[in-house]
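In: Sharing a model that was predicted from the sequence below.
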Amino acid sequence: MQNRLMLVPALSLMLAGAACGGSEDAPVSAEAVTRDSAGVRIVESPGPVWDQATAWRLSEEPSLDVGRLDGPEETQFFRVSAGTRLSDGSFVLGSFGSHDLRRFTADGAHLWTVGREGEGPGEFVGLTEVVAGAGDTIITYDFRQRRFSRFAPDGTFLDSRPLDGPSESGFGFVETLMPDGSAVFTWREFDQDDGPPSEGEVSRDTINIHLVEPGRESSVELGTFPGAETVVLQSGESDGGFMIAIGATPFGRSTQVAGGTSGVWLGDTDRFEIHRYDAGGDLRTVARRSWEPVVVDDALVQRATDEELAEADDDDDRRRIRRRWESVPTPETLPAFQALQVDRVGNVWVQQFEVPGAPERTWSVFDRAGTWLGDVAFPDRFRPLEIGDDYVLGRFGDELDVEHIQLWKLIKPAG
């Protein structure tokens, strides 16, 4: 039976980048309580390490802002999905919408654009990951083609390789792409014999998480974890098979994964706890921080509904949004967080779940040992693409939904 799965915009997939390694003997702050359990370090942080004088923060304004509604074509962005900074301060952006790579100088001047929609060498149909490798080689991943590609710093296409999953029946999604070409990916198997699920059916399937390195014939499996909570919005027979439209449940739980020089980190968003795995797939650290769940009440649901309706494109979209909020039950509390990202020096950034109506986005920062350092506020409508030692490169959508690429200084007071 031929099945087709259609993911509607309500289903969002979180992406990140990773590399494994790092010291397991990094010092733990006196603020954290640490113990060992069967070789696994458990770090519990009752409060942040930073005080008002030492807390990290973004600069008052971005140091660079590129993107104009009526500007040159190369500064008109459409669904930028990834970005990375090179050794000279220039940066490369990957676009899911325009299917290309664009490089800009440190001052924001356009240098080159390569790529187009297609399945040939150097072409894209589902570009989701871009990372700077050794010698400023640019590594990308196209999830629709399951293909890694490499480009020279001048944009010249070098080579490509496929993502080989553990089986023929299933779907892989790279969550993390690392500078050495390694990748962390989730793998989900689909049962093709049970027929289409019922509309309104809420489920949380499992996913397998794998780490694959260049040149390695098989991936390392980290384990099986809960996937995202989803609801079937539409279901029916189609051309001898069936088609289903799946959306994320309101305030649904998921497992988020990211990685970097400190290892692979993942966590179930039902609680504020993240786990670190090494390159061999072994659990090494469990990190927790104090957290007070946010209660979901009618007022919060209404704010969330109003926010989605304000972003709707047309009446059909608004009807779909209302039906989803009216027909799908909401949980008693919000998830603890909704995204993970590991910066280029190994700290783990955990985005607290976005409370509807909040004016900013808060990220909790853990050091590579698992100690909660403190929180950093990001502007509303800003999504980081890459976090460095002293900068944050990200995408910002203004009131007219014009995409901007911004570079913010990350200020780290001594203390």
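Out: Cool, got the structure. This structure is a prediction, so every number in the text was calculated from the model and none was measured. Numbering: from 1, shown residues only.

In: Give me the three-state assignment for the nearest residue to residue 201 once chain neighbours are set aside.
Out: Nearest residue to residue 201, sequence neighbours excluded (C-beta to C-beta, 6 or more residues apart in numbering): residue 232, at 4.7 Å. Bear in mind the C-beta positions are built from the backbone N, C-alpha and C, glycine included. With DSSP: H, G, I helix; E, B strand; the rest coil as the basis, residue 232 sits in strand.

In: Show me where the stretch 151-300 of the chain has its helices.
Out: In order along the chain, the stretch 151-300 of the chain carries the following helices (DSSP state H, counting those that start in this stretch): 298-311.

In: Under the pLDDT cut-off, which ranges of the stretch 101-250 of the chain? List them.
Out: Across the stretch 101-250 of the chain, residues meeting the criterion (pLDDT under 70) sit at 190-200, 233-245.

In: Which parts of it are strands?
Out: 110-114, 127-132, 138-142, 147-151, 157-162, 171-177, 183-188, 202-203, 206-212, 220-226, 230-238, 241-248 (DSSP state E, counting those that start in this stretch).

In: Mind listing residues that contact the fourth one?
Out: Around strand 147-151, the neighbours that count as contacts under C-beta atoms under 8 Å, 6 or more residues apart in numbering are 101, 114, 121-122, 133, 137-142, 157-163, 177, 181, 183.

In: For residue 303, which non-adjacent residue is closest in space?
Out: Using C-beta to C-beta, 6+ apart, the nearest residue to residue 303 is residue 356, at 3.9 Å.

In: Phi and psi next, for that neighbour.
Out: Recorded main-chain torsions at residue 356 are phi -50, psi 130, according to degrees, to the nearest 10.

In: Would you mind listing the residues in contact with it?
Out: With contact set as C-beta under 8 Å, 6+ apart, residue 356 has these partners: 300, 303, 304, 307.

In: before we move on, the earlier item: and the gap between the residue nearest to residue 201 and residue 324?
Out: Using C-beta to C-beta, to the nearest Å, residue 232 is found at 11 Å from residue 324.

In: If you count surrounding residues, which of these two has more?
Out: residue 324 (20 against 17; other C-beta atoms under 10 Å).

In: pretty sure that one is in a helix, no?
Out: Yes. Assessed by three-state DSSP, residue 324 belongs to a helix.

In: isn't it right up against residue 247?
Out: Yes. Using C-beta atoms under 8 Å, residue 324 is in contact with residue 247, at 6.1 Å.

In: Which of the three states applies to the nearest residue to residue 33 once chain neighbours are set aside?
Out: In space, and not counting its chain neighbours, residue 33 is closest to residue 44: 4.7 Å by C-beta to C-beta, 6+ apart. Residue 44 carries the three-state label strand when classified by three-state DSSP.

In: so residue 45 makes contact with residue 369?
Out: No. Contact criterion C-beta under 8 Å: residue 45 and residue 369 do not qualify, at 10.7 Å.

In: send the alpha carbons of stretch 246-256 over as CSV?
Out: Extracted as CSV, the C-alpha positions of stretch 246-256 are listed here (Å, rounded to 0.1, in the frame of the first residue of the first chain):
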residue,chain,number,x,y,z
ILE,A,246,-0.9,15.9,11.0
GLY,A,247,-0.5,18.9,13.3
ALA,A,248,1.1,19.6,16.6
THR,A,249,-1.2,19.4,19.6
PRO,A,250,-1.6,22.6,21.5
PHE,A,251,1.2,23.0,24.0
GLY,A,252,2.3,19.4,23.1
ARG,A,253,5.3,17.6,24.5
SER,A,254,8.3,16.5,22.5
THR,A,255,11.9,15.3,22.7
GLN,A,256,14.4,17.9,21.6
